[in-house]
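Undergrad: Here is my input, please return the structure:
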Amino acid sequence: MAVASNFLPALKRLAGDFEKDSGHRLLISSGSSGKLFAQIKQGAPYDVFLSADALRPDRLVSDGLAVGDYTYALGRLVLLSNIVLDECRDILYSDQLQRLAIASPRTAPYGRAAKEVLQALGLWQDLQAKRVTGENIMQAWQYVATGNAQAGFIAASLLHTGKGSITGCTWEVPADLYAPVRQKLVVLKSAENRAAATRFLQFMKSPRARAIIRASGYDVVPVN
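TA: Residues are numbered from 1 along each chain as shown. Just a heads-up that it's a prediction; the model follows:
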């Protein structure tokens with residue numbers, strides 16, 4: 001099972017319930033959505049792909065490589081700073097900001113969302129020299145957690161897992177500053193255990209799974 005790094009903590013919470021109910025054991029590999037997508041295109045033996053966006057799962061479906069696409073979560077973006085300010089977003093304009101961490105806009109949907117925010121605020125070019133880029137959202141968080149960056153854009157879900165437990169401040173970025181982060185999953189046609197993969201898809205639509213996803217810092221969409 002391939003999962004975008006932002007959703008790894010939530011998937012670990014979900015795994016216990018799924019394994020208990022189904023008898024199937026989840027083998028999990030995490031990374032940026034772009035990197036996992038490239039691995040799948042090259043024949044990596046995953047059964048399910050939980051992306052942090054809709055684009056890559058949709059491409060797998062259109063290419064005939066996957067079925068059963070489902071929007072399992074709606075992600076939210078926050079700015080996390082290890083410097084306390086009355087208005088946390090002001091760190092973007094402060095001389096105290098020497099390094100701003102984001103995930104790669106090329107491979108990580110939350111990185112693309114961060115770029116959209118900075119462009120909307122007119123800061124993308126202004127902060128170019130201060131930006132440090134992680135391969136995925138967990139690496140962006142690590143830059144802030146270790147003090148190698150004074151602030152960073154991360155998934156709001158990390159604040160619900162202890163990963164975001166940094167003494168500082170947060171700014172939940174208004175949703176109108178970036179395109180919705182629609183996180184989709186698909187079942188790969190090459191799945192060695194298609195029955196287990198399909199059962200996991202149905203589990204993710206269950207009220208129990210959706211409650212865990214909400215408690216992990218995501219929004220969810222109605223199930224058809």
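Undergrad: who are the neighbours in contact with residue 53?
TA: 33, 109, 112, 181-184 (Cβ atoms under 8 Å, 6 or more residues apart in numbering). Using the backbone N, CA and C atoms, a C-beta is placed for each residue, glycine as well.
Undergrad: Could you do residue 33 as well?
TA: Counted by Cβ under 8 Å, 6+ apart, residue 33 has contacts 4, 51-53, 56, 107-109.
Undergrad: for residue 114, same thing?
TA: Applying Cβ under 8 Å, 6+ apart to residue 114 gives the contacts 77, 102-103, 105, 153, 178.
Undergrad: how about the nearest residue to residue 4, chain neighbours excluded?
TA: residue 52 (3.6 Å; Cβ to Cβ, 6 or more residues apart in numbering).
Undergrad: Out of the contacts of residue 114, who's the most crowded?
TA: Of all those, the most densely surrounded is residue 103 (33 neighbours; neighbours counted as other Cβ atoms under 10 Å).
Undergrad: Tell me how far the helix or strand of the chain with the lowest mean pLDDT lies from the chain's centre.
TA: Each helix and strand of the chain was given a mean pLDDT (mean pLDDT, DSSP states H and E); the minimum falls on helix 137-145 at a mean of 91. In terms of Cα atoms, centre = their mean, to the nearest Å, the centre of helix 137-145 is found 13 Å from the chain centre.
Undergrad: what does it rub up against?
TA: By Cβ under 8 Å, 6+ apart, helix 137-145 touches 4-6, 8, 32, 52, 80-82, 99, 101-103, 108, 110-111, 132-134, 148-155, 158, 163-164, 166.
Undergrad: Give the buried subset of these as a PyMOL selection command.
TA: Here is the PyMOL command that picks out the buried ones among those, judged by 16 or more other Cβ atoms under 10 Å:
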select buried, resi 4+5+6+8+32+52+80+81+82+99+101+102+103+108+110+111+132+133+134+149+150+151+152+153+154+155+158+163+164+166
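Undergrad: Among the contacts of helix 137-145, which lie within strands?
TA: 4, 80-81, 101-103, 132-134, 151-155 (DSSP state E).
Undergrad: check contacts around residue 2.
TA: By Cβ under 8 Å, 6+ apart, the residues touching residue 2 are 29-31, 36, 39-40, 44, 46, 48-50.
Undergrad: and stretch 42-59, how far apart are its ends?
TA: End-to-end distance of stretch 42-59: 14 Å, with Cα to Cα, to the nearest Å as the criterion.
Undergrad: one step back: spatially, which two of the ones in strands among the contacts of helix 137-145 are the most separated?
TA: Within the ones in strands among the contacts of helix 137-145, 4 and 81 form the most distant pair, 23.6 Å apart (Cβ to Cβ).
Undergrad: so what's the backbone phi/psi at the closest residue to residue 153 other than its chain neighbours?
TA: Spatial nearest neighbour of residue 153, chain neighbours left out: residue 114 (3.7 Å); criterion: Cβ to Cβ, 6+ apart. With angles defined as degrees, to the nearest 10, residue 114 shows backbone torsions of phi -60, psi -40.
Undergrad: ditto for residue 11
TA: phi -60, psi -40.
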